[in-house]
Each structure stands twice: as C-alpha cells, then as structure tokens.
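A.B. asks: Need coordinates for the following:
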Amino acid sequence: MESRPLRYFVAVAEELNFARAAERLGISPPPLSRAIRQLETEMGVTLFERNTHSVALTPPGTVLLTEARIALDALQAAERRTQRAAAAEPKLILAMKADGDAGLLAPILARFATEPEAVPVAVRLCGWHEHARLLRRGEADAALVHEPFDRTGLDSEQLTAEQCVAAIAATHPLAGRDHLALADLGLLPEDLPRFVHETRSAGRDLAQLLTLVALGGPTPLLPTSVAARYPRPGVVYRPVPNTPPAVLSIAWPQQSRSTATAALVRTAVAVAEEAARNGS
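C.D. replies: Got it, this is the predicted structure:
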C-alpha cells in the first residue's frame, strides 16, 4: 500500500468532512472521494459511513486510523533518521522535559561518552506529553520520560521510582499538614491517570505549572527529586504516601537498530542502578 492513500484517509478521518480534508491536502474533493473509494475497494471494507449531512468512521475505519498514523509516522521517522545518519558528524538526540531526569542526565552523558559506540548527544527539551511523538517521528532517538506515556511503537526500561509529593499553594488549607492522602485531594486510585494528565497539561513546563500552583491553581503530583530541586516561594510540597511511585523510564523506538542508542540505554540503566545503591 502506498503512503498517499493513507494520508488521504487520515485527513478525512480527522476532519470527518471531505471538503475540509481536501482543502487541507491541497486537492479538490472529487479526486479525494475517488481515492477513498479505491482504498475501500482494495481493502474490501467500508471505512466511512456517508450521507448528505455527515461522515463517520466505521469500526474498520477506526482501526485503520490508528494503524495508518503509526505507519505514516514510521515512514517519516525512517526518512529523518536516514538523513541524520548521512550527516558529516552523526549525533544522537535525547528528548526530555527540563529537570525531568531525576538528576541522572549529567552522569549518564559522562559515562556514555566513554563507551566505544558513543556519538555526540544533543538534548532536546520538550513539553510534558511530547516525548513519544518525537520518538515515533524520528525527531529523537531516545527519551527520558515519566510514566504514563503512549508506548505505541516504543520500548522502554525503568530507571527510577520515586515517592510523589503534592505541590500546593502555601495559602491552601492543606499546606499546614505534614503529609496528605489521595482522599485529601478528592481522588481515588483510578482517578490518577486522568488527574496526572490534566495537571501536567496545565503548564507547558514546570516553571509555568508551579506559577499556577502558587496562584491557587492545580495541585499536581510530582517526583520527590523535582521538589527537592525546585523550592519555590508560595509553593509547599507535601508527601502523599498512598500514591503509586513516579516512574522515570528511558524509551526508544522499537524499530531502532542504532548501536549508539542501545549503548545509551545500557548506560542509563547502569547509572540509575548505581544511584539507587548509593541512595542518591
């Protein structure tokens, strides 16, 4: 299957409107409609339910949308990785959120530089939810990322598991407590994935998020290492012992065959294990 029909299909599936999808693709609606019909014929399934008022994905169309996005990302990633491999001085790109390394970045890079497979590492700072997308699109070779994240097409190794603390405004009624429970935050264990996603999304980075906290905004759960490095006027940190640990992992694309990436992963795991033994 060629990539063009998949791109056409994804555009229609995301817009659920042939006219808007055609405009997005820079073509007219008739050839787009013909291309979708041909794709349905080739696959032997109906991808869209159409009438004069609406367009909706069928169950097979919903499946194909997920698979097509993965396939198109993989093609784009292959092109980017190939172009970077042809550079005069190849380098490895490590994605991470600022201060989202549990204090491990410097020792990882120092030890990796001594490995026979080592190449220069460029650190790409990103937002809370961008790591997986950068890996799948070939814009990064590895990432230091906190759970949970979209693992589609990725492999990972756990590096650290830290107790969580709640970041709350110093004026908050709970600020006077020594420690908190999930119930104090109005949460049940099953609420955590949604809560973590929503509070992380409140700010692009930690500085923005803590500013909102000090102003009486969200009450995010953060790893202990982050709290230790970020004392902030107007913000206090309180342990939440009954919260699952904050897990930091190193992730990379499943299809990666880079010996440098493999060496970086081994180095990261070794450094994290050593830090855990030393209690740092």
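
A.B. asks: and the helix or strand where residue 110 lies, what does it pack onto?
C.D. replies: Assigned by DSSP states H and E, residue 110 falls within helix 105-112. Judged by 3 or more C-beta pairs under 8 Å, 6 or more residues apart in numbering; DSSP states H and E, helix 105-112 is in contact with strand 121-125, helix 259-278. Heads up, the C-betas are built off the backbone N, CA and C, glycines and all.

A.B. asks: Kindly format the C-alpha coordinates of the last one as CSV.
C.D. replies: In other words, helix 259-278. What follows is helix 259-278 as a C-alpha-only set of coordinates in CSV (Å, rounded to 0.1, in the frame of the first residue of the first chain):
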residue,chain,number,x,y,z
THR,A,259,24.2,0.7,18.4
ALA,A,260,24.7,4.2,19.9
THR,A,261,21.1,4.2,21.1
ALA,A,262,21.4,0.8,22.6
ALA,A,263,24.6,1.9,24.4
LEU,A,264,22.9,4.9,25.8
VAL,A,265,20.1,2.8,27.2
ARG,A,266,22.5,0.4,28.8
THR,A,267,24.4,3.3,30.3
ALA,A,268,21.3,5.0,31.6
VAL,A,269,20.1,1.8,33.3
ALA,A,270,23.6,1.2,34.9
VAL,A,271,23.8,4.8,36.2
ALA,A,272,20.3,4.6,37.7
GLU,A,273,21.1,1.3,39.4
GLU,A,274,24.3,2.7,40.8
ALA,A,275,22.5,5.8,42.1
ALA,A,276,19.9,3.6,43.7
ARG,A,277,22.5,1.5,45.5
ASN,A,278,24.2,4.7,46.7
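
A.B. asks: Which elements pack onto that helix?
C.D. replies: strand 92-96, helix 105-112, strand 142-146, strand 154-162, strand 246-253.

A.B. asks: State the pLDDT value of residue 258.
C.D. replies: pLDDT recorded at residue 258 is 87.

A.B. asks: right, and it touches residue 141 too?
C.D. replies: Yes: between residue 258 and residue 141 a contact is recorded at 6.2 Å, counting by C-beta atoms under 8 Å.

A.B. asks: Spit out the residues that contact the two alike.
C.D. replies: residue 92 (C-beta atoms under 8 Å, 6 or more residues apart in numbering).

A.B. asks: more crowded one of these two?
C.D. replies: With neighbours defined as other C-beta atoms under 10 Å, residue 258 and residue 141 compare such that residue 141 has more, 26 against 19.

A.B. asks: any idea how far residue 8 is from that one?
C.D. replies: Distance, residue 141 to residue 8, by C-beta to C-beta, to the nearest Å: 30 Å.

A.B. asks: Any idea how many residues pack against the nearest residue to residue 139 once chain neighbours are set aside?
C.D. replies: Nearest non-adjacent residue to residue 139, counting by C-beta to C-beta, 6 or more residues apart in numbering: residue 80, 6.4 Å away. Using other C-beta under 10 Å, residue 80 is surrounded by 15 other residues.

A.B. asks: tell me which element residue 80 falls in.
C.D. replies: Here residue 80 is covered by helix 59-85, with elements defined by DSSP H and E.

A.B. asks: wait, residue 25 sits on residue 7?
C.D. replies: Yes: counting by C-beta under 8 Å, residue 25 does reach residue 7; the two are 7.3 Å apart.

A.B. asks: Compare those two (neighbour count), which wins?
C.D. replies: residue 25 (19 against 15).

A.B. asks: got a list of what the more buried one touches?
C.D. replies: 7, 8, 11, 32 are the contacts of residue 25 under C-beta under 8 Å, 6+ apart.

A.B. asks: Local confidence estimate at the second one?
C.D. replies: Put plainly, it is residue 8. At residue 8, the pLDDT value in this model is 94.

A.B. asks: did I read that right, it in a helix?
C.D. replies: Yes: counting by DSSP: H, G, I helix; E, B strand; the rest coil, residue 8 falls inside a helix.

A.B. asks: right, and the helices and strands packed on helix 105-112 - which one's nearest residue 223?
C.D. replies: helix 259-278 (13.2 Å; C-beta to C-beta).
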